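# curious how this folds, go ahead:
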Amino acid sequence: MAVLTEEQTMLRDMAREWADNESPVTAFRKLRNAAPAEGYDPAAWNEIGQMGWGGIVIPEEHGGSALGYLSLGMVVEQLGRNLAASPLASTGPAATAIALGENDAAKSEWLARIASGDVVATLAVDEGPIHGGPVATAVVGDRITGTKAFVAEGDSATVFIVAATDGLYLVAGDEGVTRSPRRMADARSHAEVRFDDAPAVPLGGPDLTAKVVDRATALITAEMLGLAEQAFATTNDYLKTRVQFGQPLSTFQALQHRMARMLTELELMRSVVEGALEAIDSGRSDTDQAVSLAKATAGDTLKLVSREMIQLHGGIGMTDEHDAGFYMKRAAVLEAMWGNAAFHRERFARLNGY
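Residues are numbered from 1 along each chain as shown. Prediction:
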């Protein structure tokens, strides 16, 4: 486990308390049923902005706190425990693209607004159903044209960081932008976004694209960690209270073995997820390998824990009245986002020369 500073510990505890009190799973259920166009609760997002979480990875000179990706990951993890619908995991890497980019005017115009929560920013990278496919989006002059198949928070984003053949570009507003909502299993905001001769501001080349995508991937693993931890805790509590054949389910050795396996995998998952976030903050040369290791491990572990959650709950776990289905559905989307376990195992091997 990562060694946290006092400030990071306070931030984690505050995020956990807020998520439990202000954004429990019951709040997500209400949101799912209401199906707002944004895919999240604007009032909750406004609170997140007021608490400064939107600026955790934004430099101080632009209104942020520059606490780094481990700190942001801890917040995303706590929100993930309760399935809190928030653009935070999308906005963080998008802000980093602007902060690391070459355009000072874009930094001055957007970063402070992102930090305060006034603006939702997101990445628009993938053009096909599988992450890592070729990018055909092109820029002619200062105009960008192309279609991005799956854009998280694409329904409500004000700013898009768009991957083109030669790097990243910032596209603001709706000029030349068409959004088509995609209804996914997790009931969150996803959209196909089409750019038709939209005004574009260059931020940096392919190296910047790779860095930003790694940061987005690492944050997703933090959310996956939160989901897995809560799915395990909920299942463990159920086994301790559910009585079968005159004794709690937790006393059956076969179930104890299954829970022990999950606990072991969760400890490994936490280690590699926090390791990837620390690698980003320290600027390590093997950050790309650490991120792929974290995503592959997180994908396998969350799949195991979310499915065991349903099976060990029995019939009630398969109903919409129980929360287990929410965790499995969100897990399925996150497993595919930014590359599944198979993609990252292959990438890890390739980065190591195999």
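# so residue 274: helix, strand or coil?
Recorded secondary structure, residue 274: helix (DSSP: H, G, I helix; E, B strand; the rest coil).
# quick one: terminal-to-terminal distance for stretch 130-142?
Distance across stretch 130-142, first residue to last, is 28 Å (CA to CA, to the nearest Å).
# let me fix that: stretch 326-346
29 Å.
# again with stretch 192-205
Start-to-end, stretch 192-205 (CA to CA) is 24 Å.
# so which bits of that stretch are buried?
Neighbour-count burial for stretch 192-205, with 16 or more other CB atoms under 10 Å as criterion, is recorded at 192, 193, 195, 198, 199, 200, 201, 202, 203, 204. All C-beta spots, glycine's among them, are computed from the backbone N, C-alpha and C.
# report the buried residues of the helix or strand residue 231 falls within.
Under the criterion of DSSP states H and E, residue 231 resides in helix 206-241. Within helix 206-241, the residues that qualify as buried are 208-209, 211-232, 234-235, 238-239, counting by 16+ other CB under 10 Å.
# same question for stretch 267-281.
Across stretch 267-281, burial judged by 16+ other CB under 10 Å covers 269, 270, 272, 273, 274, 275, 276, 277, 278, 279, 280, 281.
# which non-adjacent residue is nearest the last one?
Closest residue to residue 281 in three dimensions, ignoring its sequence neighbours and counting by CB to CB, 6 or more residues apart in numbering: residue 68, at 4.1 Å.
# returning to that earlier point: narrow the buried residues of stretch 192-205 to those in strands?
The strands, defined by DSSP state E, take in 192, 193, 195, 198, 199, 201, 202, 203, 204 from these.
# surely the third one and residue 145 touch.
When you say that, I think you mean residue 195. Yes. At 5.9 Å, residue 195 counts as touching residue 145 under the criterion of CB atoms under 8 Å.
# so what sits against both of these two?
Common contact partners of residue 195 and residue 145 (CB atoms under 8 Å, 6 or more residues apart in numbering): residue 137.
# mind listing the helices in the stretch 1-150 of the chain by residue range?
Taking DSSP state H, counting those that start in this stretch, the helices of the stretch 1-150 of the chain run over residues 6-22, 25-34, 42-50, 69-81, 88-100, 104-106, 112-115.
# contact partners of the second one?
Helix 25-34 is contacted by residues 40, 41, 44, 82, 83, 84, 85, 187, 323, 326 when judged by CB under 8 Å, 6+ apart.
# what helix or strand is the last one on?
Yep, that's residue 326 we're talking about. Assigned by DSSP H and E, residue 326 belongs to helix 324-336.
# quick one: name whatever helix or strand follows that helix.
Once helix 324-336 ends, the next helix or strand along the chain (criterion: DSSP H and E) is helix 341-351.
# helices and strands of this protein: which one has the lowest mean pLDDT?
strand 243-244 (a mean of 90; mean pLDDT, DSSP states H and E).
# immediately after it, which helix or strand?
strand 247-248.
# packing partners of that following strand?
Of the remaining helices and strands, those touching strand 247-248 by 3 or more CB pairs under 8 Å, 6 or more residues apart in numbering; DSSP states H and E are helix 206-241.
# got the angle for the helix it packs on vs helix 25-34?
110 degrees (axes from the mean of the first three to the mean of the last three CA atoms, to 10 degrees).
# oh, and call the first residue 56 from now on, that's how I've got it
In the new numbering, first residue 56, that becomes helix 261-296.
# pLDDT averaged over helix 261-296 - what is it?
For helix 261-296, mean pLDDT rounds to 98.
# what of stretch 397-405?
Mean predicted confidence for stretch 397-405 is 97.
# stretch 97-114 too?
For stretch 97-114, mean pLDDT rounds to 96.
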